[in-house]
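1. I would like to see how this sequence folds:
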Amino acid sequence: MQLVAVDSDNYENKDTQANADQPAVSGEPGPQESSNSSENGSFRIPISAHKAATSRASTMAARIRTLNKHMLNVPGKWLQAVEKLPVKEYGNGIEYYGEVGVGTPPQKFKLDLDTGSGDVWLAGEQCDVCARHKKFSPKKSSSYKLEGRKWGISYGDGSFAAGYTARDTVTIGNLTVPNQVIGLAVNESKAYQVDTVDGLLGLSYSGVSFIQGVTTFLDNIYENNYLKDPLFSVYIKEKDKDNYAGEYLFGDIDRGRYSGELTWVPLYQPKFWQIMLDSMSLSVDGVGKESMEINGPAILDTGTTLIVMSDEQATEFHRAIPSAENSDIYGWIMPCNTEQLVPGNVSFTIAGVDFSVPIKNIVREPVKGLDGWCFSAVTNGASNFIILGDVFLRSNYVVFDRGNTRVGIAPSKH
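-> This is a model prediction of the structure:
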């Protein structure tokens with residue numbers, strides 16, 4: 001992994017705490033990129049993309065995992081349908097990961113960097129079924145401490161991981177966080193056994209964790225001043241021939257990765273990276289703009305593929321898509337040629353500014369047995385908030401600013 005160090009000395013407003021009553025600000029000064037490095041300065045973590053080898057990456061499975069992750073109800077017919085999905089790689093069945101070290105000296109792992117979770121977990125050496133994954137060895141770490149609590153996660157699609165908790169040093173780039181609570185899996189479902197990703201590094205606030213009562217990796221960074229400027233920026237793109245699919249830039253902002261100015265938005269609820277979505281609209285080339293009655297709290301979640309909203313909001317969204325249907329078995333589907341039927345963009349209005357996602361990114365893989373029909377990247381099942389996953393983040397550069405309890409958003413350059 002190549003790290004490119006940048007200086008964060010120009011970061012402003014570090015001690016200003018944003019809140020839901022403060023207005024959003026466009027173009028507010030932020031960190032400037034430089035070729036210099038500092039002891040606790042900035043660094044990049046390239047993220048790689050791969051096609052998952054199981055149906056776990058399909059739209060149906062992604063829906064179920066997202067709803068379970070956020071403790072939402074999953075329709076029984078969806079569970080039945082996902083069990084029948086073929087084991088097949090789809091072009092948009094993509095998972096992202098970065099390299100993270102655990103222990104002293106660091107043992108390197110491929111972990112999902114997830115802003116919608118608070119846990120750090122990976123395979124332990126006692127996991128006999130984790131043959132494909134690199135396993136963490138406590139005996140090789142001088143900083144390892146057994147905690148011994150039972151730990152586990154499970155999803156409605158049948159995937160699960162379970163084990164025990166421990167404490168150890170977690171290293172990402174040149175950032176080292178000691179005494180972090182981690183989950184070590186001793187058992188996992190087949191879906192995880194064949195997965196390229198070794199586990200997960202949660203980047204959310206404390207309280208968003210399957211391991212109860214722990215200080216998350218993100219809050220450890222902030223509370224102990226391990227990073228000079230406690231923020232990170234996320235840039236996701238189509239993978240290239242080397243599987244490079246973007247980067248996480250810790251401690252700084254890369255102005256070369258986005259167009260225009262950042263719009264700074266205070267968090268609606270700091271437990272999550274949750275903001276307020278003002279409205280949505282569909283802009284069709286040569287026709288015009290159609291508004292949608294969709295608004296409310298929205299979570300920016302790098303660990304979710306899709307865009308998830310309430311039943312009523314999903315119905316309102318698909319009302320603007322010609323011939324879109326809500327299948328009892330498959331959920332929302334649409335004609336595979338929707339990009340030709342309604343060429344243009346879906347706009348998400350946040351703090352009065354429109355952020356777009358091309359229609360082509362809303363059309364997912366074909367539905368097996370329904371010729372000409374594809375899954376929609378917008379699905380229902382959420383209740384009190386909307387979830388903006390990678391479908392949104394691939395088009396928009398986002399700065400997650402823990403120090404000021406806010407996010408910055410701008411259109412990505414690709």
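
2. helices of the stretch 251-400 of the chain, residue ranges please.
-> 311-319, 338-341, 390-393 (DSSP state H, counting those that start in this stretch).

3. okay, the ones you listed, which one's buried deepest?
-> helix 390-393 (a mean of 24; mean count of other CB atoms under 10 Å). Backbone N, C-alpha and C define where each C-beta goes, glycine included.

4. against which helices or strands is it packed?
-> Of the remaining helices and strands, those touching helix 390-393 by 3 or more CB pairs under 8 Å, 6 or more residues apart in numbering; DSSP states H and E are strand 231-236, strand 353-358.

5. so for the first one, mean pLDDT?
-> The pLDDT scores in strand 231-236 average 94.

6. partners of that strand in the sheet?
-> Paired neighbours of strand 231-236 in the sheet (DSSP bridges): strand 244-250 (antiparallel), strand 396-401 (antiparallel).

7. what of the last one?
-> As defined by DSSP bridges, the strand partners of strand 353-358 come to strand 344-350 (antiparallel).

8. give me the residues contacting the partner strand.
-> For strand 344-350, the external contacting residues (CB atoms under 8 Å, 6 or more residues apart in numbering) are 24, 263, 265, 275-285, 287, 289, 298, 354-359, 362, 388, 392, 409.

9. of those, keep whichever come out buried.
-> Neighbour-count burial (16 or more other CB atoms under 10 Å) applied to these gives 24, 263, 265, 275-283, 298, 354-357, 359, 362, 388, 392, 409.

10. inside strands: which ones of the residues you listed?
-> Among the buried ones among the contacts of strand 344-350, the ones falling in strands (DSSP state E) are 263, 265, 275-277, 279-283, 298, 354-357, 388, 409.

11. in JSON lines: the helices and strands packed on helix 390-393, plus distance to Thr338.
-> Output for these, formatted as JSON lines (distance: least, CB to CB, whole Å):
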{"stretch": "strand 231-236", "distance to Thr338": "22"}
{"stretch": "strand 353-358", "distance to Thr338": "11"}
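
12. for those, which one sits closest to Val398?
-> Proximity to Val398, assessed across the helices and strands packed on helix 390-393 by CB to CB, is greatest for strand 231-236 (5.1 Å).

13. list the buried residues in the closest one.
-> In strand 231-236, counting by 16+ other CB under 10 Å, buried: Leu231, Phe232, Ser233, Val234, Tyr235, Ile236.

14. on that earlier part again, can I get the strands paired with strand 231-236 in JSON lines with mean neighbour count, distance to Lys140 and mean pLDDT?
-> Shown next, in JSON lines, are those (neighbours: other CB atoms under 10 Å; distance: least, CB to CB, whole Å; pLDDT from 0 to 100):
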{"stretch": "strand 244-250", "mean neighbour count": "22", "distance to Lys140": "26", "mean pLDDT": "89"}
{"stretch": "strand 396-401", "mean neighbour count": "24", "distance to Lys140": "32", "mean pLDDT": "98"}
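
15. can I get those strands in JSON lines including distance to Ser206?
-> Converted to JSON lines, the strands paired with strand 231-236 look like this (distance: least, CB to CB, whole Å):
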{"stretch": "strand 244-250", "distance to Ser206": "19"}
{"stretch": "strand 396-401", "distance to Ser206": "15"}
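
16. regarding Tyr226, what is its secondary structure?
-> Following DSSP: H, G, I helix; E, B strand; the rest coil, Tyr226 is assigned to coil.

17. wait, it touches Asp219, no?
-> No. Taking contacts as CB atoms under 8 Å, Tyr226 lies outside contact range of Asp219: 10.7 Å.

18. if I pick Gly103, what's in contact with it?
-> Contacts were defined as CB under 8 Å, 6+ apart; by that measure Gly103 touches Phe136, Ser137, Pro138, Lys140, Ser141, Ser142, Ser143, Tyr144, Asp168, Thr169.

19. confidence score at it?
-> For Gly103, pLDDT reads 98.

20. now it: how far from Thr171?
-> Distance, Gly103 to Thr171, by CB to CB, to the nearest Å: 9 Å.

21. same question, Lys139
-> 18 Å.

22. which one of those two is surrounded by more residues?
-> Taking other CB atoms under 10 Å, Lys139 and Thr171 do not tie; Thr171 has more neighbours (21 against 8).

23. residue ranges in this protein under the pLDDT threshold?
-> In the predicted model, the chain carries pLDDT under 70 at residues 1-40, 49-95, 154-159, 190-194, 382.

24. which residues sit in contact with the most centrally placed residue in it?
-> Nearest residue to the geometric centre of the chain (CA atoms, centre = their mean): Thr302, 0.9 Å. Listed by CB under 8 Å, 6+ apart, the contact partners of Thr302 are Tyr96, Leu113, Asp114, Thr115, Gly116, Leu203, Val234, Ile236, Gly389, Asp390, Leu393.

25. tell me which helix or strand comes right after the particular helix or strand that has Thr165 in it.
-> Using DSSP states H and E, Thr165 sits in strand 160-172. Counting by DSSP H and E, the next helix or strand C-terminal to strand 160-172 is strand 175-188.

26. in its sheet, what does that next one sit against?
-> Strand 175-188 pairs in its sheet with strand 120-123 (parallel), strand 160-172 (antiparallel), by DSSP bridges.

27. reformat these as JSON lines; add distance to Gly369.
-> Formatted as JSON lines, the strands paired with strand 175-188 follow (distance: least, CB to CB, whole Å):
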{"stretch": "strand 120-123", "distance to Gly369": "36"}
{"stretch": "strand 160-172", "distance to Gly369": "28"}
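
28. mind listing the residues bridging to Val308?
-> Val308 forms beta bridges with Thr379, Ile387, as assigned by DSSP bridges.

29. out of the contacts of Thr302, who's nearest Ile294?
-> Gly389 (15.8 Å).

30. Lys150 is nearest to which of the strands paired with strand 175-188?
-> Between the strands paired with strand 175-188, strand 160-172 lies closest to Lys150; by CB to CB that is 6.2 Å.

31. show me the strands in the stretch 51-200 of the chain, by range?
-> For the stretch 51-200 of the chain, strands defined by DSSP state E, counting those that start in this stretch occupy the ranges 94-102, 107-114, 120-123, 145-154, 160-172, 175-188, 199-202.
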